[in-house]
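**Student:** Quick check, what structure comes out for this input:
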Amino acid sequence: MYLAKKSRIILIPLVISIISSCAVNKKSAYLLTLKDSYCIPPTYFLKAEQTLTNQTIDSLAAHDVLNKVFSIQNVHMLYALGLTEEMKELGKLKGNSSVDARIRKLTINDQINRTLLLALSDINAAAAELDCEAERVDQVAGYIDEINAARNNKLVVGSIALGALASIAGAVITNNDVNSAVGITGGLLGGGLGFFTLNPKGKKVEFYHPHNLLRNVWTQNDTDQSFSPFIWYMLSEKIFSNDGTNSLLHNLKNRWIDYQFDNDKNQGNQSVIFSDGGIYYADDLHSRAAMINQLQAVIRSINQGVNNLILDASKTLE
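**Tutor:** Take a look at the predicted model:
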């Protein structure tokens with residue numbers, strides 16, 4: 001028993017020094033406590049433009065005379081932008097070369113261009129906020145990754161050092177009892193260090209995001225108007241998706257369930273990612289960054305829809 005204790009006295013201080021060297025200093029921990037986001041939510045310019053519900057737009061667009069000159073997607077978009085009457089008036093003025101007609105067409109075109117420019121500005125504003133938030137998450141995730149990597153490296157080196165020390169001790173010590181005790185103790189302590197490297201979570205950080213666009217996608221609800229009404233309509237109306245069966249929001253949420261939460265919706269419901277923030281581990285941060293980038297890509301794809309409307313209008317009303 002005495003010999004076993006003596007062997008532990010030899011090895012345990014080394015283990016303690018290795019583990020203590022992996023601790024994060026107080027200053028670093030403080031820097032990681034990011035309670036407030038520096039990504040300022042944008043001011044959307046089209047908040048007052050879209051006053052119709054999705055169902056109303058669907059009903060009106062399905063029977064509108066504009067379907068004769070525009071694609072059904074573009075008719076829906078014109079309703080969302082509040083430009084249907086302007087487009088109809090331009091259609092009636094087509095071919096009219098009088099001075100009054102020319103002036104009126106210039107006035108209407110100016111209003112349409114202004115609205116389309118504001119729509120593109122809203123898209124860019126939402127994408128810019130997401131870009132800022134993704135950069136913020138990546139910075140913290142990278143910092144945590146560095147801490148975890150340094151910690152694991154030290155634990156691996158420590159485990160190797162313990163094994164080497166135990167081997168040397170076994171070669172030097174002639175007393176069989178002491179030799180066995182040192183070998184067993186070294187093996188247990190080395191295994192303990194190896195166990196620490198298997199910690200799947202690692203270091204954690206407080207991270208907050210009260211203005212959480214990902215939450216609106218997950219709940220499929222924008223009652224807090226985090227998005228411009230025009231953007232939300234484009235995201236939530238199934239006619240703008242590739243298959244026309246489910247909305248862009250629905251498809252994005254399903255991809256998150258499949259790839260971020262291993263096909264477990266309940267896991268997503270309990271995730272800190274869709275809350276106002278809290279305790280994050282590295283994996284959570286990387287998942288949040290990936291989801292932000294995916295949402296940003298979907299929002300930027302709306303640009304193509306607006307460009308298609310512009311091309312459609314220029315061809316049919318020129």
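**Student:** Which residue ranges of this protein form strands?
**Tutor:** Using DSSP state E, the strands of the chain run over 204-208, 277-281.
**Student:** mean pLDDT for these: which is lowest?
**Tutor:** Mean pLDDT is lowest for strand 204-208 among the strands of the chain, at a mean of 86.
**Student:** Now do it and strand 277-281, the angle between them.
**Tutor:** 150 degrees (axes from the mean of the first three to the mean of the last three CA atoms, to 10 degrees).
**Student:** by contact count, what packs against strand 204-208?
**Tutor:** Other helices and strands packing on strand 204-208, by 3 or more CB pairs under 8 Å, 6 or more residues apart in numbering; DSSP states H and E, are helix 99-172, strand 277-281. Every residue, glycine included, has its C-beta placed from N, CA and C.
**Student:** Can you tell me how far residue 311 is from residue 116?
**Tutor:** Distance from residue 311 to residue 116, counting by CB to CB, to the nearest Å: 12 Å.
**Student:** Using a markdown table, please lay out the strands of the chain together with mean neighbour count.
**Tutor:** Formatted as a markdown table, those follow (neighbours: other CB atoms under 10 Å):
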| stretch | mean neighbour count |
| --- | --- |
| strand 204-208 | 18 |
| strand 277-281 | 17 |
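**Student:** and of those strands, who's closest to residue 241?
**Tutor:** Nearest of the strands of the chain to residue 241, taken as CB to CB: strand 277-281 at 30.4 Å.
**Student:** Parallel or antiparallel, which strands does the closest one pair with?
**Tutor:** Strands adjacent to strand 277-281 in the sheet, as given by DSSP bridges, are strand 204-208 (antiparallel).
**Student:** Hmm, residue 142 and residue 205 touching each other?
**Tutor:** No. With contact defined as CB atoms under 8 Å, residue 205 does not reach residue 142; the gap is 11.7 Å.
**Student:** Residue 110 and residue 103, how far apart?
**Tutor:** 11 Å.
**Student:** swap in residue 58?
**Tutor:** From residue 58 to residue 103 the distance is 35 Å (CB to CB).
**Student:** Give me the more crowded residue out of the two.
**Tutor:** Taking other CB atoms under 10 Å, residue 58 and residue 103 do not tie; residue 58 has more neighbours (15 against 10).
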